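Can you look at this prediction? I've put the sequence above it.
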Amino acid sequence: MKYLIDNIVAFDDKNGLLENKKSGTSVVLSTTAIRILSFLLKNQGVVLSRDEFFETVWDAYGQEASNNSLNQYLSVLRKAFRNVGLEHEIIITVPKQGFLIKVNVDYDEEDVSTLSEQNFTYVKPEPEPLDTTTSPDDVEITEETRFLDDSGSNEIPKQNSPVFDKKYYFLNAFLGLIFIFTIIFVFQYWPSTSRVIPTVQLHSIGKVDSCPVFSLYESSEEMTQAKMNIARGMILEHKLPCIPNAIYIFQPDDMFVYNQMGRVMLSRCTARKNDPLHGLAGCKDIYIYEK
């Protein structure tokens with residue numbers, strides 16, 4: 001589902017992209033933040049309690065929730081809205097009740113079923129007029145049908161020349177071959193956007209020695225500090241020390257941050273010497289999944 005917030009900011013709940021349509025400024029939200037924002041937008045103007053958030057965002061996916069985690073993600077969403085140009089308060093806290101989102105929301109999704117049948121006009125073909133001047137008894141079926149013109153003379157109708165028909169046959173065949181080869185060329189050789197590796201924006205969360213540490217999603221200050229503590233421990237445990245011209249990419253899921261159980265990814269990548277900001281020469285990856 002795609003949403004248009006206050007006619008300015010677009011949000012796609014499939015990839016978590018929050019983008020200002022005028023300035024082009026964008027932020028990519030994490031999975032849990034996507035669920036929270038989608039839940040708010042689907043219930044725009046309705047006060048949602050903390051228990052409703054816990055059931056919809058965490059319990060439904062087999063995860064444990066807490067008041068602290070909900071507060072952290074609401075803080076991240078408020079900061080994300082400010083980063084894309086919405087300075088006014090978007091997510092409102094209602095004391096002792098819960099939270100609501102107060103914006104104008106449009107759903108950027110075409111519903112084919114809403115098309116009215118009045119847009120289509122069916123024209124019933126008129127039947128061909130019957131020739132009432134000729135009775136069946138006046139027609140004699142023979143191997144060669146002749147037509148009687150007004151002068152009373154019998155004339156055999158002219159048939160299309162075989163040479164003329166053959167010329168059109170070869171022309172149609174030639175055009176068909178051109179069409180087929182064009183389709184093959186487009187699908188085989190034309191550059192496809194599906195073959196382009198998408199770029200991902202990295203967010204700095206700190207440093208280990210001289211090597212910067214990045215995360216795939218933006219986090220609050222408290223969450224950033226928690227991630228850095230886990231990253232330092234994993235770097236020591238798995239013997240991935242900082243080396244010259246290298247960076248770390250670290251991404252744990254929420255369960256791992258709070259309970260040390262879940263998925264976590266740590267990569268030490270060496271940047272290209274001639275282009276350190278736009279390319280990596282190689283990475284050593286560690287991926288952990290604990291039940």
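On my side now, so go ahead. Residues are numbered from 1 along each chain as shown.

Can you name the residues that contact the closest residue to residue 258 other than its chain neighbours?
Leaving out its chain neighbours, the residue that sits closest to residue 258 by C-beta to C-beta, 6 or more residues apart in numbering is residue 69, at 6.6 Å. Yep, even glycine has a C-beta here, placed from its N, CA and C like the rest. Residues near residue 69 by C-beta atoms under 8 Å, 6 or more residues apart in numbering: 32, 58, 254, 258.

Can you tell me the SS state at residue 69?
In three-state terms, and counting by DSSP: H, G, I helix; E, B strand; the rest coil, residue 69 is helix.

Please apply the same query to residue 87.
Under three-state DSSP, residue 87 comes out as coil.

Check residue 212 too.
Residue 212 - assigned by three-state DSSP - is strand.

now the helices for this structure?
Along the chain, counting by DSSP state H, helices occupy 31-42, 50-53, 67-83, 162-189, 221-237, 254-259.

Reformat the contacts of residue 69 as TSV; add distance to residue 75.
What follows is these, written out as TSV (distance: C-beta to C-beta, whole Å):
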residue	distance to residue 75
32	13
58	17
254	14
258	16
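
quick check, nearest of those residues to residue 78?
The shortest approach to residue 78 among the contacts of residue 69 belongs to residue 32, at 15.0 Å (C-beta to C-beta).

That closest one against residue 258, yeah?
No: counting by C-beta atoms under 8 Å, residue 32 stays clear of residue 258, with 11.2 Å between them.

Neighbour count: these two, which is higher?
residue 32 (22 against 19; other C-beta atoms under 10 Å).

which residues touch the more buried one?
Contact analysis of residue 32 by C-beta under 8 Å, 6+ apart lists 57-58, 69, 73, 254.

Now with 7 Å, please.
Going by C-beta atoms under 7 Å, 6 or more residues apart in numbering, residue 32 touches 57, 73, 254.

Would you check how far apart the nearest residue to residue 249 once chain neighbours are set aside and residue 71 are?
Leaving aside its chain neighbours, residue 249 sits nearest to residue 267 (4.4 Å; criterion: C-beta to C-beta, 6+ apart). Remark: distance between residue 267 and residue 71 (C-beta to C-beta, to the nearest Å) = 30 Å.

low pLDDT regions in the stretch 51-200 of the chain?
108-169, 185-199 (pLDDT under 70).

Need the phi and psi values for the residue nearest to residue 200 when sequence neighbours are not counted.
Of all residues not flanking residue 200 in the chain, residue 216 sits nearest, at 6.4 Å (C-beta to C-beta, 6+ apart). Per-residue torsions, residue 216: phi -80, psi -20 (degrees, to the nearest 10).

Relative to residue 182, how far out is residue 216?
Where residue 182 is concerned, residue 216 sits at a distance of 41 Å (C-beta to C-beta).

which of these two has more neighbours?
residue 216 (14 against 10).

Next one: that one from residue 267, what distance?
11 Å.

still on that earlier bit, so which of the helices of the chain has the densest surroundings on average?
helix 31-42 (a mean of 20; mean count of other C-beta atoms under 10 Å).
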